[in-house]
Each structure stands twice: as C-alpha cells, then as structure tokens.
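How does the following fold in three dimensions:
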Amino acid sequence: MTSHLVAGPLDVEALTKEIAWPAHGAEVLFVGTVRDSHQGRAVRGIRYTAYEPMADSQLGRIEKELAAAHGARVRIQHRLGELAVGDASIVIAISAPHRAAAYDANRAALERVKREVPIWKRELYADGDEGWLEAEPLMPPTG
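Residues are numbered from 1 along each chain as shown. Predicted coordinates for the structure are as follows:
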C-alpha cells in the first residue's frame, strides 16, 4: 500500500491497481490539479503543508469508513510541498460493485478530506503575493 501523504508526484496508476477487485464493476478516479487562476488572480502554484501524523491517520480513517459504508475499496493520496500549475494535488481512487456506490464514495471522500484533514493550502500568485485558502465545500452541509 502506498503512503497517504507524498512529497513527489502522485502515482495514479499505482492507486488504480490497489483498488482493482474482480467483484467490482466500477472504478471512479478523481484527480485534483493546481489551477492557473483563482478569483480573478493569476496563480503560479500552491504550497501544501500538513500536520502529517494526524493527516495520515485521518486519511486512513476516511478510507476505512467509506470502504465499509459503500462496499468499496478506497485509496486517497495527497501531495505536500510546492506544486506548479497543472500538478496533481490529490488522487481519490474508488472501486465498488456498482457505479452509484463508487461515485458516492468518491465525492464523500473529497468532502471529508477538505473538512476533516489538517492539510493547509497557500496559494502562490504570479505577482509574488501569497495567501492561505479556506476549504471550499462542494455541497452545502446537511442536517
């Protein structure tokens, strides 16, 4: 099994192999990449930092809980350090018996990573300025 937190490029192929399972007819892969702009500002890159022991533990917990809830195989890997525009920052790979469970687990994994895992994102702007970014939820909170 590969690590959850990585200092170098993410290995999408290795994660896809880890989640493959003969009884699973669906695989969903999410790859988040660094954009070249944010809110009208040109971006040259992003620097990710984390409280690594807790982040690794939380990523493992999310994988286990989503695997149990969706009958899926789940792998999450997040990059740390300075990334350039176009670099992959996160990979979430899911396999499940059916596509609905795979899609649901994948989206839930991304929401939970943004909400629960102590990974911080500092955007590096083309003009030399930098700024911390708050997590942007994909879906409004329920309940």
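
How about the secondary structure of residue 105?
Using DSSP: H, G, I helix; E, B strand; the rest coil, the structure places residue 105 in helix.

wait, isn't it in contact with residue 73?
No. Counting by CB atoms under 8 Å, residue 105 stays clear of residue 73, with 9.4 Å between them. From N, CA and C alone the C-beta is placed, and that goes for glycine too.

what stretches of the protein score poorly on pLDDT?
Across the chain, the ranges flagged by pLDDT under 70 are 1-2, 135-143.

need the contact list for the residue located most distally from the centre of the chain.
Outermost residue of the chain with respect to the C-alpha centroid, by CA atoms, centre = their mean, is residue 127; its distance is 27.4 Å. Applying CB atoms under 8 Å, 6 or more residues apart in numbering to residue 127 gives the contacts 41-42.

Residue 59 belongs to a strand?
No. Counting by three-state DSSP, residue 59 is located in no strand; its state is helix.

residues touching it, list them.
Going by CB under 8 Å, 6+ apart, residue 59 touches 4-5, 76, 78, 113, 117.

number of nearby residues for the closest residue to residue 33 other than its chain neighbours?
Nearest non-adjacent residue to residue 33, counting by CB to CB, 6 or more residues apart in numbering: residue 88, 5.4 Å away. A count of neighbours around residue 88, defined by other CB atoms under 10 Å, yields 18.

Using CSV, list the CA coordinates for stretch 25-40.
C-alpha atoms of stretch 25-40 as CSV (Å, rounded to 0.1, in the frame of the first residue of the first chain):
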residue,chain,number,x,y,z
GLY,A,25,-17.6,-3.4,-11.8
ALA,A,26,-17.0,0.3,-11.2
GLU,A,27,-13.9,2.4,-10.7
VAL,A,28,-14.1,6.2,-10.1
LEU,A,29,-10.9,8.3,-10.1
PHE,A,30,-10.7,11.9,-9.0
VAL,A,31,-7.5,13.9,-9.7
GLY,A,32,-7.4,17.4,-8.3
THR,A,33,-4.9,19.7,-10.1
VAL,A,34,-3.5,23.2,-9.5
ARG,A,35,-5.4,25.8,-11.4
ASP,A,36,-3.7,28.8,-13.1
SER,A,37,-6.2,31.3,-11.6
HIS,A,38,-8.4,31.8,-8.5
GLN,A,39,-11.0,34.6,-8.1
GLY,A,40,-9.5,36.5,-11.0
